[in-house]
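In: Prediction below, plus the sequence it came from.
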Amino acid sequence: MGHIIGESTYPTWSRLRIAPPTNNSGNPGYGGGQYNVEYPAGNYFLRTVEGNGFVRLLGNAAPAPGFQLSKPNPTDPGIFYCYGFVEPNNDTILGKTVTMTGGSFTIAADAFTTGQNVGTAPDLPFTAVELFEFLT
């Protein structure tokens with residue numbers, strides 16, 4: 001489980017940092033109280049393996065950092081998106097390995113813009129992302 005202290009509507013720690021989500025099925029989202037954000041344990045949210053584990057947000061108008069696989073049907077090619085990262089930045093994440101059910105792939109530059117075609121083999125759930133680990 002991850003915990004960030006600070007009110008999310010004011011510019012405090014929880015407003016400036018996040019545990020990046022995946023779109024694995026069953027993601028319950030995060031909860032918390034007036035002065036904290038609580039992330040559930042499991043394969044839903046990731047932390048960096050270095051530093052305090054949380055990643056910096058770009059700001060209110062930018063998308064929050066995260067990883068997503070879009071694959072409407074099992075026979076369709078998957079499109080992988082990696083978005084919103086500042087620290088670690090895209091150059092640091094580029095070339096890292098993502099492991100999913102059925103296969104793995106290396107993050108390419110398209111993942112940060114139009115989406116990276118990863119073929120039909122990889123499928124949800126995410127099981128590992130290099131540089132990150134799931135919250136426990």
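Out: Done, it's in. Numbers count the residues shown, from 1 in each chain.
In: Output stretch 31-40 as PDB - backbone C-alpha positions only.
Out: The C-alpha atoms that make up stretch 31-40 are tabulated as PDB, following Å, rounded to 0.1, in the frame of the first residue of the first chain:
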ATOM      1  CA  GLY A  31      -8.900   6.500  -1.600                       C
ATOM      2  CA  GLY A  32      -7.900   8.500   1.400                       C
ATOM      3  CA  GLY A  33      -9.000  11.200   3.800                       C
ATOM      4  CA  GLN A  34      -8.800  14.900   4.100                       C
ATOM      5  CA  TYR A  35      -5.000  15.000   4.400                       C
ATOM      6  CA  ASN A  36      -3.800  11.800   2.600                       C
ATOM      7  CA  VAL A  37      -4.100   9.600  -0.500                       C
ATOM      8  CA  GLU A  38      -4.100   5.900   0.000                       C
ATOM      9  CA  TYR A  39      -3.200   3.500  -2.900                       C
ATOM     10  CA  PRO A  40      -4.300  -0.200  -2.700                       C
END
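In: Return the set of buried residues in that stretch.
Out: The neighbour-count check on stretch 31-40 (16 or more other CB atoms under 10 Å) flags 32, 37, 39-40 as buried. The way it works is simple: take the backbone N, C-alpha and C, and place the C-beta from them, glycine included.
In: so where does the nearest residue to Gly31 once chain neighbours are set aside fall, helix or strand?
Out: Spatial nearest neighbour of Gly31, excluding adjacent residues (CB to CB, 6 or more residues apart in numbering): Glu38 at 5.1 Å. Using DSSP states H and E, Glu38 sits within strand 36-39.
In: Just checking, which helix or strand succeeds that strand along the chain?
Out: Using DSSP H and E, the helix or strand that follows strand 36-39 towards the C-terminus is strand 46-48.
In: Give me the helices and strands touching that following strand, please.
Out: strand 132-134 (3 or more CB pairs under 8 Å, 6 or more residues apart in numbering; DSSP states H and E).
In: The chain: strands as residue ranges?
Out: According to DSSP state E, the chain carries its strands in the segments 2-5, 17-18, 36-39, 46-48, 55-56, 66-70, 78-83, 97-101, 103-106, 116-119, 123-129, 132-134.
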